[in-house]
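In: sequence below, structure please.
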Amino acid sequence: MNKILIAFLLLAALATGCSPKSHQQLIVGMELAYPPFEMTDEKGNPAGVSVDLARALGKYLGREVEIQNMTFPGLIPSLQTHKIDLVISSMTATAERAKAIAFSDPYLQTGLCLLVAKNSPINSIADLDQPGKSVAVKIGTTGQNFATAHIKQAKVLVLDTEDACVLEVVQAKADAFIYDQMSTYQNWRRHEDATRPILQPFQQESWAVGLRLGDEELRGQVNQFLKDFKARGGFDELGERYLKAQKEAFRKLGFPFYF
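Out: Next comes the predicted model:
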């Protein structure tokens, strides 16, 4: 009886070891605080552009997707320590980040711009970098990186959340907030009485999927998925589902739209 049991357990172990990769879980990290890309729905479940993109990738790979919600600065360390498999969190592919992680081909184009007070005389990044001025940036973002490298005279306020940065401008505690075009547009729409967007980007950026260095097999699969997803209209569908009003507004303003 014991021999039969041992043989059964060995066969079960072999079967598990030979299970196809399609049954493995794909753990995707993102900060669910950046609507409409990363957010939660009315029931508290992950939702948004990046969530749908992650699930489409999982379906393409034949792998079940688990979304891990974490702070933006924690995403790269979590990827490096194998707590997550991918980052899909509106992350800009930068040379500095590429020293720590790998990136897929870019899937979205955007740029850094400014949210300023409604009656502010500021009309450009050059106007902002003056003595006596202050600029809010969210920690861990390319806005913070830009300010660190290029803002020499204005005071830089590094805050934990996007909402805190916006509030600084609304309450006239900061002269501007450096962030991406889409969020700047949305924050202006929420606070039209107190703010004004300067949507012309002063730094062009691309978003990409973050992967561990050396994970070339998965990187190749992600790149092929992005190519196929775009070819069959997947990004157009996401744009219509989540960003239709913004897409039309950007068209009228003469700015190219994202995907």
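
In: am I right that Glu66 is in contact with Met30?
Out: No: with contacts counted by CB atoms under 8 Å, Glu66 stays clear of Met30, the gap being 11.3 Å. No exception for glycine: its C-beta is placed from N, CA and C like everyone else's.

In: which stretches of the stretch 1-150 of the chain have low pLDDT?
Out: 1-23 (pLDDT under 70).

In: and the helices in it?
Out: In the stretch 1-150 of the chain, the helices defined using DSSP state H, counting those that start in this stretch lie at 2-17, 49-61, 75-80, 125-128, 142-150.

In: buried stuff in the strand ranked longest in the chain?
Out: In the chain, taking DSSP state E as the definition, the longest strand is strand 195-207. Across strand 195-207, burial judged by 16 or more other CB atoms under 10 Å covers Thr195, Arg196, Pro197, Ile198, Leu199, Pro201, Phe202, Gln203, Glu205, Ser206, Trp207.

In: Ala98 - how many residues pack around it?
Out: Other residues within reach of Ala98 by the criterion other CB atoms under 10 Å amount to 13.

In: chain center to stretch 239-256: distance?
Out: Stretch 239-256 has its average C-alpha position 18 Å from the chain's average C-alpha position, going by CA atoms, centre = their mean, to the nearest Å.

In: same thing with stretch 142-159?
Out: Relative to its chain's centre, stretch 142-159 lies at 20 Å (CA atoms, centre = their mean).

In: in it, what's buried?
Out: Buried, per 16+ other CB under 10 Å, within stretch 142-159: Thr142, Gly143, Gln144, Asn145, Phe146, Ala147, Ile151, Ala154, Val156, Leu157, Val158, Leu159.

In: can you check stretch 185-194 too?
Out: Neighbour counts over stretch 185-194 (16+ other CB under 10 Å) mark Tyr185, Gln186, Asn187, Trp188, His191 as buried.

In: CSV for the buried residues of stretch 142-159, including distance to Gly74?
Out: Conversion of the buried residues of stretch 142-159 to CSV gives the following (distance: CB to CB, whole Å):
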residue, distance to Gly74
Thr142, 17
Gly143, 18
Gln144, 15
Asn145, 17
Phe146, 21
Ala147, 21
Ile151, 25
Ala154, 28
Val156, 22
Leu157, 21
Val158, 16
Leu159, 16
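
In: and which of those is nearest to Lys252?
Out: Taking CB to CB as the measure, Lys252 lies nearest Gly143 of these, at 25.3 Å.

In: give me the number of residues near Thr161?
Out: Thr161: 14 surrounding residues under other CB under 10 Å.

In: so it makes contact with Tyr34?
Out: No: if you go by CB under 8 Å, Thr161 and Tyr34 don't touch, sitting 10.2 Å apart.

In: convert stretch 233-249 to CSV, retaining C-alpha atoms only.
Out: Coordinates of each C-alpha in stretch 233-249 appear next as CSV, following Å, rounded to 0.1, in the frame of the first residue of the first chain:
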residue,chain,number,x,y,z
GLY,A,233,-7.8,47.7,-32.6
GLY,A,234,-7.4,47.0,-28.9
PHE,A,235,-6.0,50.3,-28.0
ASP,A,236,-8.6,52.2,-30.0
GLU,A,237,-11.3,50.3,-28.1
LEU,A,238,-9.7,51.2,-24.7
GLY,A,239,-9.6,54.9,-25.9
GLU,A,240,-13.2,54.9,-26.8
ARG,A,241,-14.2,53.1,-23.5
TYR,A,242,-12.3,55.2,-21.1
LEU,A,243,-11.0,58.3,-22.8
LYS,A,244,-13.6,59.4,-25.4
ALA,A,245,-14.2,62.9,-24.1
GLN,A,246,-10.5,63.6,-23.5
LYS,A,247,-9.7,62.3,-26.9
GLU,A,248,-12.1,64.7,-28.6
ALA,A,249,-10.8,67.6,-26.4
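
In: ok, back up a step: quick one: which of Glu66 and Met30 has more around it?
Out: Met30 (28 against 15).

In: kind regards, and thank you for your time.
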